[in-house]
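>>> dropping the sequence and predicted coords here.
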Amino acid sequence: MRILVVLVIAFALIGQLAAQKVEGEVFDKAPKLEDYNFVVGTQMIGAKYKFTKESYIIEQAKHVRGMGSNILKISMGKNYAKSYGMKPAQGIHTTLDLIKKKKDYQAVMDMDFKYIFAWVHTFTEAKWQDGLTSEEKMMLYREMYDLTAYVLKKYSGSGKTFLWGNWEGDWLLHSGYDRKSIPADERIQGMIDWFNIRQIAVDDAKRDTPHEDVELWHYIELNLVLKGIQDEKCIVNSVLPHTNPDLVSYSSYEIIKKKETYEDLKKAVSETMDYIESKLPAKEGIPFKRRVYIGEYGYQTNKKQDDDKQHFLTKRMMRVSLDLDLPFALHWEMYNNEYTKAGVSKGMSLISEEGKKKPVYYLHQNFYAEMNEFLKVYKKEHKVYPEYEVFKKKGIEVLGKL
C-alpha cells in the first residue's frame with residue numbers, strides 16, 4: 001500500500017513538472033509588430049481543449065499574438081461560459097456587464113491587438129424575431145450605446161479598432177438552419193430593425209463620447225449570398241438594402257469549396273463580394289478601400305484532405321483576399337471546435353487537439369514575419385508606411401514563396 005502511495009505521488013509530481021514545462025514553452029514569443037493592417041487573421045470562438053492553466057480565451061489570445069497577428073476575434077454572448085469554459089457570473093444583464101465582470105475579456109482586449117472583432121448579440125430579453133416593441137428597441141439601443149461609449153473612453157489613445165457584429169446572420173434569419181426555408185416578413189422586418197438600432201447606437205455613442213486615436217465600427221455578417229443571387233429571400237436581398245452598416249462580413253463556406261484553380265476561386269469570391277456591395281447603400285468615412293470582407297473561411301482535414309492540402313487551400317484564399325482588396329480575411333480558427341456526430345475532429349484549427357502547430361499555423365506566422373520586416377524596412381527608408389497597393393504586391397509575392 002505504501003509503495004502504491006509513493007508511486008501515485010511520484011506520477012503526480014511528474015505530471016505537474018510536465019504541465020509546467022508545457023505551460024512555459026507552448027506560446028511562441030510575440031514579436032513587436034508594425035502599426036499596419038496585415039489583412040489575414042484568425043479567430044478564437046470557443047474551444048474544446050487547452051494545454052495550460054490559462055482560460056480558453058487567454059490561452060488562445062496568447063497563441064494568436066505569439067503567432068504574429070494583430071487581429072483578435074472573440075465572442076461576447078450569453079453562451080460565454082460554455083464557449084470559454086468560464087464559471088457563470090451573477091448580475092450580467094448586458095454585454096458591458098460581461099466584460100466588466102469576467103476579467104479575462106478585459107485582459108484580452110488590453111493586449112496589444114490593433115483590430116478586435118467581437119460577436120455582440122444581446123443579454124437583454126429583447127427578441128427581434130417576432131418584431132420589436134418600443135421598449136425592446138430601447139433596451140437594444142442602450143446596451144450597444146453603453147458598450148460602445150465604455151470602449152471608446154477606456155481605449156482612447158490606444159490606436160485600436162473595434163468591430164462589433166453578429167454571427168452568421170442568415171442562420172439567425174432562417175430558422176432551423178434550413179437554407180431552403182422562406183423567412184417570414186415579420187422576421188425580416190425584425191432583423192432590419194435590430195441591425196439599424198445597433199448602427200444608430202454605435203453612431204450616437206461615437207458622436208457623444210470624447211475620444212481620440214481609437215475607432216469602432218459595426219458590421220453585419222451574412223452567409224447565404226448565393227440564395228440572394230437566385231433572387232430569393234435572405235439578408236443580402238431582403239435586409240441589407242434597408243440598413244446601412246459600416247461593414248459587411250461574409251462567412252464564405254458556400255463558395256470556397258471545390259474550386260479547381262486559383263482563377264476559379266478568385267472569380268467566385270469576386271462575383272459574390274461585388275453582389276453584396278451592389279446591395280449596400282453608400283456611406284462616407286469608412287477607412288477601408290472596400291466595406292466587405294471575409295469574416296470566416298476554412299478547410300477541414302480528413303481522409304481525403306490532409307494538412308498539406310489545407311495549407312495549400314488556405315494560402316490560395318489568403319492571396320485571393322489580398323488580390324481583391326478585402327480589408328480582412330479571417331481563418332476559422334485557432335483551436336478546432338468542429339466535430340462530426342461520431343466525435344471526430346474536423347481539423348479546422350491552426351493548433352490541433354494534440355497541441356501540434358499545423359502547417360497553416362506556420363503559414364500565417366511566416367507571412368506575418370516577412371510582412372512585418374518589409375513594413376519596418378520600408379518605413380525606415382520612406383518615413384511612412386507603404387500604400388496598400390505596395391503592401392498587396394509584396395504580400396502576394398511572399399505567399400508565393402511560402
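Yep, it's here.
>>> middle-most residue in the chain, spatially?
Taking C-alpha atoms, centre = their mean as the criterion, Lys73 is the residue nearest the geometric centre of the chain, at 3.7 Å.
>>> okay, and that residue sits in which element?
Using DSSP states H and E, the secondary-structure element containing Lys73 is strand 71-76.
>>> counting contacts, what elements does that strand pack onto?
For strand 71-76, the elements it packs on are strand 40-42, helix 56-67, helix 95-101, helix 103-110, strand 115-120, judged by 3 or more C-beta pairs under 8 Å, 6 or more residues apart in numbering; DSSP states H and E. C-beta coordinates here come from the backbone N, C-alpha and C atoms, glycine included.
>>> identify all contacting residues around the third one.
With contact meaning C-beta atoms under 8 Å, 6 or more residues apart in numbering, helix 95-101 is reached by 76, 80, 89, 91-92, 105-106, 109, 120, 122-123, 143-144, 146-147, 150.
>>> in the protein, which spans are helices?
In the chain, the segments counted as helices under DSSP state H are 2-25, 56-67, 80-84, 95-101, 103-110, 134-154, 169-173, 185-208, 225-229, 253-256, 262-278, 307-323, 359-382, 388-401.
>>> and the last one, what's buried?
With burial defined by 16 or more other C-beta atoms under 10 Å, the residues of helix 388-401 counted as buried are Tyr388, Phe391, Lys392, Lys394, Gly395, Val398, Leu399.
>>> give me the low-pLDDT residue ranges for this protein?
Where the chain drops to pLDDT under 70, the residues are 1-25.
>>> at 80 instead, please
Within the chain, the stretches falling below the threshold (pLDDT under 80) are 1-25, 303-304.
>>> just to revisit the earlier point, redo the helices of the chain as JSON lines? Include distance to Ile235.
Formatted as JSON lines, the helices of the chain follow (distance: least, C-beta to C-beta, whole Å):
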{"stretch": "helix 2-25", "distance to Ile235": "43"}
{"stretch": "helix 56-67", "distance to Ile235": "28"}
{"stretch": "helix 80-84", "distance to Ile235": "24"}
{"stretch": "helix 95-101", "distance to Ile235": "22"}
{"stretch": "helix 103-110", "distance to Ile235": "28"}
{"stretch": "helix 134-154", "distance to Ile235": "18"}
{"stretch": "helix 169-173", "distance to Ile235": "5"}
{"stretch": "helix 185-208", "distance to Ile235": "7"}
{"stretch": "helix 225-229", "distance to Ile235": "8"}
{"stretch": "helix 253-256", "distance to Ile235": "13"}
{"stretch": "helix 262-278", "distance to Ile235": "9"}
{"stretch": "helix 307-323", "distance to Ile235": "21"}
{"stretch": "helix 359-382", "distance to Ile235": "29"}
{"stretch": "helix 388-401", "distance to Ile235": "28"}
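>>> how long is stretch 233-251 end to end?
From its first residue to its last, stretch 233-251 covers 17 Å (C-alpha to C-alpha, to the nearest Å).
>>> next: stretch 254-267.
End-to-end distance (C-alpha to C-alpha), stretch 254-267: 14 Å.
>>> got a list of contacts for stretch 260-269?
Taking C-beta under 8 Å, 6+ apart as the criterion, the residues outside stretch 260-269 that touch it are Ser252, Ile255, Ile256, Lys259, Ile294, Arg316, Met317, Arg319, Val320, Ser321, Asp323, Leu324.
>>> what about that stretch, distance to the chain center?
Distance of stretch 260-269 from its chain centroid, counting by C-alpha atoms, centre = their mean, to the nearest Å, is 23 Å.
>>> please consider this matter closed, and thank you.
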